[in-house]
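Peer 1: Provided below are the primary sequence and the corresponding predicted coordinates.
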Amino acid sequence: MAQAALAHEALSALRTEIDRLESGNPSPLAIAGRQDGWQSAGANPGDGVIASGAAGFDLALGGGVARAALNEIRSAATADNGAASGFALALCGLALGQVGGDGSQPRLLWIADPMGTSESGRLYGPGLARHGVPPSSMLHARPRHLKDALMIAEAALAVNSFAAVILEIYGNPPKFGLTESRRLNLRAKAHRRPLFLLRERGEEEASNAAARFVVGPAPAAPERLPGGRFYPEGMGNPVFHVTIEKSRNPSPPDFYLEWNADDRLFHEIDRDRIVVPAGHHTEGSVALLSLPRHRPDRAQALGSVLAFPRAS
């Protein structure tokens with residue numbers, strides 16, 4: 001009981017410290033909370049990373065995606081929302097497979113944004129299963145207001161049964177900025193749990209995320225058939241074009257990552273495999289429409305243009 005009381009007191013102190021934003025007038029409890037390791041810089045060596053399986057991508061991130069941190073995934077356009085969501089779910093699949101087993105089934109929490117739901121749709125159970133995420137492991141929250149979504153995210157990070165939490169935000173709302181991202185990042189560090197901020201159709205802005213990824217779609221890499229032919233593009237595993245936007249590298253590195261839902265691993269693929277090599281045709285490809293024939297090469301002249309007085 002004494003330890004629980006001390007933990008509650010420390011938690012109150014830490015919340016006070018965040019609310020004050022180091023205003024220069026911290027309370028004694030806030031000072032004690034600061035000494036308790038809440039504001040330690042960076043992830044603790046025991047926190048570990050979420051290894052993707054793609055060696056180059058993991059190397060660029062220092063071993064993988066930070067587990068005890070806020071990581072931001074954004075799409076630049078509405079058409080890219082599906083790719084960004086798929087990449088976030090793939091990371092959740094990795095977190096599920098790499099979480100330590102204590103006999104209980106790990107869970108995931110998706111905190112939806114009303115605008116994002118109307119633009120991109122809701123989660124689909126069979127699609128989750130095909131993507132390597134068991135539908136039974138996914139919990140879905142639909143708060144009406146952003147403040148409620150932030151409150152749910154903070155509370156969920158303290159729940160041990162969650163392997164990861166996804167917070168969906170559409171665009172760049174004025175009530176979510178550096179202060180809110182810092183608070184969430186501190187909570188993720190304190191509870192050693194990954195929080196993925198899915199910013200749909202969002203612009204780049206300052207945040208406390210450990211890493212920020214810009215994700216877009218890419219055609220599935222064609223597979224070679226016997227005889228030198230290829231499967232049609234788009235028939236293979238999903239491929240994501242991922243740019244590490246927040247990075248220590250002088251130029252943001254980008255990767256084409258293929259997600260294998262069966263193995264729950266990413267594979268980095270060569271850019272040359274994105275397009276079918278010249279001179280090869282996809283298997284079973286035929287012309288859908290006949291080519292136009294016996295038509296003039298260009299439109300005929302309009303002729304004389306007459307001006308008429310207005311009728312009224």
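Peer 2: The structure has been received and is ready for your questions. Numbers count the residues shown, from 1 in each chain.
Peer 1: alpha carbons only for contacts and neighbour counts from here, please
Peer 2: Will do.
Peer 1: Please parse the protein into its domains.
Peer 2: If you go by automatic domain parsing, the domain ranges for the chain are 1-39, 44-273.
Peer 1: buried ones in stretch 174-187?
Peer 2: For stretch 174-187, the neighbour count (16 or more other CA atoms under 10 Å) marks 180, 181, 182, 183, 184, 185, 186, 187 as buried.
Peer 1: Send me it as CSV with only the CA atoms.
Peer 2: What follows is stretch 174-187, C-alpha atoms only, in CSV (Å, rounded to 0.1, in the frame of the first residue of the first chain):
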residue,chain,number,x,y,z
PRO,A,174,-4.5,23.9,-33.3
LYS,A,175,-5.1,22.1,-30.0
PHE,A,176,-2.4,19.5,-30.7
GLY,A,177,1.2,20.9,-30.8
LEU,A,178,4.5,20.7,-29.2
THR,A,179,3.1,20.6,-25.6
GLU,A,180,0.8,17.7,-26.2
SER,A,181,3.3,15.7,-28.1
ARG,A,182,5.9,16.2,-25.4
ARG,A,183,3.4,15.0,-22.8
LEU,A,184,2.6,11.9,-24.8
ASN,A,185,6.2,11.1,-25.4
LEU,A,186,7.0,11.4,-21.7
ARG,A,187,4.1,9.0,-20.9
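Peer 1: related to what we said a few turns ago, deepest of the domains of the chain, which one?
Peer 2: When the domains of the chain are scored by mean count of other CA atoms under 10 Å, the highest mean neighbour count falls to domain 44-273 (a mean of 18).
Peer 1: So for that domain, mean pLDDT?
Peer 2: When pLDDT is averaged over domain 44-273, the result is 88.
Peer 1: For residue 112, give its distance to residue 264.
Peer 2: According to CA to CA, to the nearest Å, residue 112 and residue 264 sit 24 Å apart.
Peer 1: what do you get for residue 130?
Peer 2: For residue 130, the distance to residue 264 - CA to CA - is 11 Å.
Peer 1: what do you get for residue 119?
Peer 2: Taken as CA to CA, the span from residue 119 to residue 264 is 28 Å.
Peer 1: can you pull the contacts of residue 115?
Peer 2: Neighbour list for residue 115: residue 170 [criterion: CA atoms under 8 Å, 6 or more residues apart in numbering].
Peer 1: My error: substitute residue 242 in the last question.
Peer 2: 213, 214, 215, 216, 254, 255, 256, 257.
Peer 1: mind running it again at 6 Å?
Peer 2: Going by CA atoms under 6 Å, 6 or more residues apart in numbering, residue 242 touches 214, 215, 254, 255.
Peer 1: give me the element it is part of.
Peer 2: For residue 242, the host element (DSSP states H and E) is strand 239-246.
Peer 1: May I have the strands that pair with that strand, each with its orientation?
Peer 2: Paired with strand 239-246 in the same sheet, following DSSP bridges, are strand 211-218 (antiparallel), strand 254-260 (antiparallel).
Peer 1: could you dump those to CSV with distance to residue 142?
Peer 2: Shown next, in CSV, are the strands paired with strand 239-246 (distance: least, CA to CA, whole Å):
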stretch, distance to residue 142
strand 211-218, 24
strand 254-260, 27
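Peer 1: Among the buried residues of stretch 174-187, which are located in strands?
Peer 2: Using DSSP state E, the subset of the buried residues of stretch 174-187 located in strands is empty.
Peer 1: from those, which is closest to residue 162?
Peer 2: Closest approach between the buried residues of stretch 174-187 and residue 162, by CA to CA: residue 187, at 13.9 Å.
Peer 1: how close does the closest one sit to residue 160?
Peer 2: Taking CA to CA, one finds residue 187 at 13 Å from residue 160.
Peer 1: cool, and residue 270?
Peer 2: 39 Å.
Peer 1: Which residue ranges of the stretch 101-250 of the chain form helices?
Peer 2: Ranges of helices in the stretch 101-250 of the chain, per DSSP state H, counting those that start in this stretch, are 114-120, 125-130, 146-157, 178-191.
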